[in-house]
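[1] my questions concern the predicted model and sequence given below.
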Amino acid sequence: MTMRALHAGQGSLVLETADRRAPLWRHCGARVDPGALVPLAATRTAASFSLDRDCPLSTAPVPGEGWFGPPVMAARREGLALPLAWTGAQVHTTDDTIRIVLSDTQAGVELEQRFAIEAGAGWRIGATVTNTGTTPLSLDALASALLPLPAQAARVISWRGRHNAELVECEEALPQQIWQRETRRGISGHGGAPGVYVTDTAAGWDTGHTLALQLCWSGDTRIAIERDDEGYHLLWAGAKLQPGEATLAPGESWATPDALLAIGTHGRNSAMAAQHAMVRAMLRWPGGTMAPRKVHLNSWEACYFDHDAARIAALARAAADIGVERFVLDDGWFAGRHDDSAGLGDWTPDPVKYPHGLQPLAEAVGALGMEFGLWVEPEMVNPDSALYRAHPDWALHVDGYPMLTARGQLVLDMRREDVRDYLFAALDAVLRAAPIGYLKWDHNRDLVPAGGAAQVRGTYALLARLRAAHPAVEIESCAGGGGRSDAGMVPYVHRFWTSDTIDAVSRVAMQRGFLAFLPPELMGSHVGASPAHATGRSQSLAFRAAVASTGHFGVELDPAALAVEDHAALAQWIGFARSVRDRAHGGAVWLGEGPDGLVWQAQGRSEHDLLLWVIRATPPQDRRPRPLLLPFLAGEGARDVRLLGIAGGLAGRVPPVPGVWAGAEPARFTGDWLAHAGLPLPPLRAETVALFHLAGPGVPARLLPFPS
Ligand code: GLA
């Protein structure tokens with residue numbers, strides 16, 4: 001009996017190895033030194049109505065060993081379920097990995113499980129099954145991770161959503177039977193990253209025990225929490241397979257997507273920080289490191305499909321005039337694409353709208369000092385397209401069943417090499433024909449029929465090939481807004497479009513949901529028109545811009561259509577976003593809730609140089625605001641706090657700054673004061689954001705510009 005522990009961040013995984021059995025779970029929770037731990041068997045008394053051979057939870061529980069809980073895998077041979085029982089087990093460890101190889105020679109199954117410390121913050125966990133038998137093996141399910149939840153686990157937090165209403169947070173008590181989040185749309189969907197948070201009863205943003213897990217997967221997933229009759233809860237997470245889709249020939253293997261697991265003992269913020277660190281470690285930036293995130297102008301809501309050459313040129317000039325750094329030409333540029341009924345699949349510029357191709361426009365954009373970006377939706381085809389007419393069999397279909405369109409389009413079968421080759425050649429040609437530095441890669445429908453895991457892997461393969469051929473090109477993942485925002489896409493992309501709802505009030509909760517698993521520099525957040533196209537609600541430009549400034553900032557309107565005052569203000573907000581992005585991106589994020597309906601977030605690469613957004617979306621009920629507690633500053637030194645300004649307000653103007661905040665000098669508070677007594681706040685009206693700069697001693701008091 002040997003104990004194997006992997007410590008990462010604030011947590012530890014401890015396994016007990018045993019002869020010819022999968023290692024037993026001893027701990028998955030807060031960081032502990034296992035010391036000279038007694039074997040699990042010594043602590044387990046016999047229980048009535050139990051098998052004579054004890055079967056405690058292992059990393060790979062299977063029914064053939066007398067396990068009645070959720071199995072790590074389910075497989076069939078010749079139609080019959082295999083009970084599975086491990087006859088061989090090897091455990092290989094390094095300082096930061098544990099690799100377990102299990103075999104059932106009778107069943108002809110080998111299972112490899114991998115646990116690796118990721119970015120020092122959490123663990124990457126995955127598994128591969130191999131058919132060592134002589135007939136095909138049908139794999140029905142294989143967990144990426146199957147874990148015991150820590151004893152204090154009590155609540156489960158997840159997100160659901162739809163197009164235009166992404167990332168709705170759901171908090172529930174842990175189940176008495178089973179809780180499940182299963183997705184079946186072929187993409188990760190508008191509920192956001194396939195992941196879950198599990199907290200103790202008292203956990204808040206900065207206190208309490210939190211476990212966070214997300215799958216690196218962009219297809220169907222199953223995350224389930226089941227109560228065991230030994231009294232604890234088990235978490236099962238993995239890709240959801242269609243029956244028969246993973247049928248392995250002798251010698252063939254199937255690997256799960258990886259799961260990223262984090263344990264935080266300082267509330268949700270600590271587990272979120274670990275998830276951000278692990279995701280950041282997976283990013284592949286052109287040139288190796290993240291460059292300052294360029295401010296976008298995206299043409300979609302400014303002109304939709306109306307790509308009149310003069311209008312697009314004017315939009316680009318208007319963008320450059322206000323300080324935009326990347327001009328993204330959205331849907332509508334390619335052959336036959338006059339509305340959403342035709343053209344997908346034919347990735348050549350429309351000969352009427354762009355008679356000389358995209359080069360003249362891309363060069364004009366470059367001459368204006370901006371990078372040129374382009375929208376594509378490679379995995380799709382309209383029945384009304386040259387591609388479909390030439391290759392109707394390239395669309396996902398099941399013979400004999402109708403092909404169901406959505407937005408008038410079908411999905412290409414990404415499992416086919418010829419389809420991927422065609423798409424690579426088409427996109428490669430587009431990228432070679434004009435100076436294009438950026439692709440917005442969309443996916444505007446759910447999958448019927450499903451293409452399964454191989455469809456997802458086909459897309460990953462195409463993305464990887466394109467990235468290798470054009471390493472300088474950044475890519476944005478979009479699926480009707482935030483339908484494919486997940487860590488599976490992270491190695492290939494550099495931004496996610498959070499939602500087609502750009503209404504800033506709606507965005508507040510969505511963007512906080514996004515941050516649960518993905519860091520702010522990947523979060524596309526734009527200033528849209530007022531009224532917002534998706535909701536019809538109107539908000540001041542300052543409020544829209546302040547909410548957008550927490551993420552990767554952009555503009556999605558025609559600046560020339562703005563009132564003079566708003567036009568000037570937008571230019572100033574772009575300047576502000578550019579000057580604060582080194583704090584907003586790439587660093588720590590703390591989220592919190594204040595009294596009377598306030599929410600706040602602090603972001604910065606150094607704890608001594610933070611921006612604090614205090615957001616009031618709805619009107620206050622109290623006469624005066626209570627101070628805002630910033631628990632993450634407990635025990636920290638003094639902070640010089642400066643109110644940069646208040647964005648928004650009923651009249652759409654920046655309200656006057658009151659009281660202590662009116663002077664140019666910052667107010668000094670101890671960290672403990674801010675944590676326990678709180679930051680005095682100015683009164684805020686609905687749809688305003690108070691933006692503060694918190695500087696530690698010694699940080700030069702460089703004033704950040706604030707739009708007037
Ligand atoms: C999706 C995207 C939008 C836009 C349109 C274009 O809905 O989310 O941003 O690109 O497609 O058709």
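    Structure's in. What do you need?

[2] counting neighbours, what do you get for the closest residue to the ligand within the stretch 151-300 of the chain?
    Using CB to the nearest ligand atom, Trp300 is the residue of the stretch 151-300 of the chain that sits closest to the ligand, at 4.4 Å. All C-beta spots, glycine's among them, are computed from the backbone N, C-alpha and C. Neighbours of Trp300 under the rule other CB atoms under 10 Å: 22.

[3] can you check Ala46 too?
    So Ala46, with other CB under 10 Å, has 7 neighbours.

[4] just say helix, strand or coil for it.
    Classification of Ala46 by DSSP: H, G, I helix; E, B strand; the rest coil places it in coil.

[5] distance of it from Leu387?
    66 Å (CB to CB, to the nearest Å).

[6] how about Ala203?
    Distance from Ala203 to Leu387, by CB to CB: 51 Å.

[7] indicate the residue of the protein located nearest to the ligand.
    In the chain, the residue that lies nearest the ligand is Asp331 (3.4 Å; CB to the nearest ligand atom).

[8] from the contact counts, what lies against the longest helix anywhere in the chain?
    Counting by DSSP state H, the longest helix found in the chain is helix 564-584. Counting contacts by 3 or more CB pairs under 8 Å, 6 or more residues apart in numbering; DSSP states H and E, helix 564-584 packs against helix 541-548, strand 552-556, strand 599-606, strand 609-616.

[9] ok, now which ones touch the closest residue in space to Asp622 that isn't next to it in sequence?
    Nearest residue to Asp622 in three dimensions, chain neighbours excluded: Asp596, at 5.0 Å (CB to CB, 6 or more residues apart in numbering). Counting by CB atoms under 8 Å, 6 or more residues apart in numbering, Asp596 makes contact with 620-622, 625-626.

[10] just the buried ones from those?
    620, 625 (16 or more other CB atoms under 10 Å).

[11] contact residues of the protein facing the ligand?
    Residues of the chain found near the ligand, taking CB under 6 Å from any ligand atom as the criterion, are 300, 330-331, 375, 442, 444, 478, 480-481, 497, 500.

[12] would a markdown table of those with pLDDT be doable?
    Listed next are the residues of the chain next to the ligand as a markdown table, based on pLDDT from 0 to 100:
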| residue | pLDDT |
| --- | --- |
| Trp300 | 98 |
| Asp330 | 98 |
| Asp331 | 98 |
| Trp375 | 98 |
| Asp442 | 98 |
| Asn444 | 98 |
| Cys478 | 98 |
| Gly480 | 98 |
| Gly481 | 98 |
| Trp497 | 98 |
| Asp500 | 98 |
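
[13] OK, contacts around the closest residue to the residue of the stretch 151-300 of the chain closest to the ligand other than its chain neighbours?
    Leaving aside its chain neighbours, Trp300 sits nearest to Asp330 (3.8 Å; criterion: CB to CB, 6+ apart). For Asp330, the contact set (CB under 8 Å, 6+ apart) comprises 298-300, 375, 440.

[14] of those, closest to Met282?
    Lys440 (20.3 Å; CB to CB).

[15] so that closest one sits against Glu377, correct?
    No - Lys440 is not in contact with Glu377 according to CB atoms under 8 Å; the separation is 9.1 Å.

[16] picking that back up, right, so the helices and strands packed on helix 564-584: which one is the most enclosed?
    Greatest average neighbour count among the helices and strands packed on helix 564-584 goes to helix 541-548 (a mean of 28), per mean count of other CB atoms under 10 Å.

[17] tell me the angle of it relative to strand 552-556?
    Here the directions of helix 541-548 and strand 552-556 differ by 140 degrees (axes from the mean of the first three to the mean of the last three CA atoms, to 10 degrees).

[18] CA atoms only: put helix 541-548 into CSV for me.
    Taking C-alpha atoms only, helix 541-548 is exported to CSV below (Å, rounded to 0.1, in the frame of the first residue of the first chain):
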residue,chain,number,x,y,z
LEU,A,541,-23.1,55.0,-24.0
ALA,A,542,-21.0,55.4,-20.9
PHE,A,543,-22.7,52.5,-19.1
ARG,A,544,-22.4,50.3,-22.2
ALA,A,545,-18.7,51.1,-22.5
ALA,A,546,-17.9,50.6,-18.9
VAL,A,547,-19.5,47.2,-18.8
ALA,A,548,-17.6,46.3,-22.0
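
[19] now do it against helix 564-584, angle only.
    Using the same axes, to 10 degrees: helix 541-548 against helix 564-584 is 20 degrees.

[20] name the helices or strands packed onto helix 541-548?
    By 3+ CB pairs under 8 Å, 6+ apart, helix 541-548 packs against helix 504-515, strand 523-528, helix 564-584, strand 609-616, strand 639-648, strand 688-695.

[21] adding distance to Met414 and mean pLDDT, write these out as a markdown table.
    Formatted as a markdown table, the helices and strands packed on helix 541-548 follow (distance: least, CB to CB, whole Å; pLDDT from 0 to 100):
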| stretch | distance to Met414 | mean pLDDT |
| --- | --- | --- |
| helix 504-515 | 26 | 98 |
| strand 523-528 | 24 | 98 |
| helix 564-584 | 34 | 96 |
| strand 609-616 | 39 | 97 |
| strand 639-648 | 43 | 92 |
| strand 688-695 | 41 | 95 |
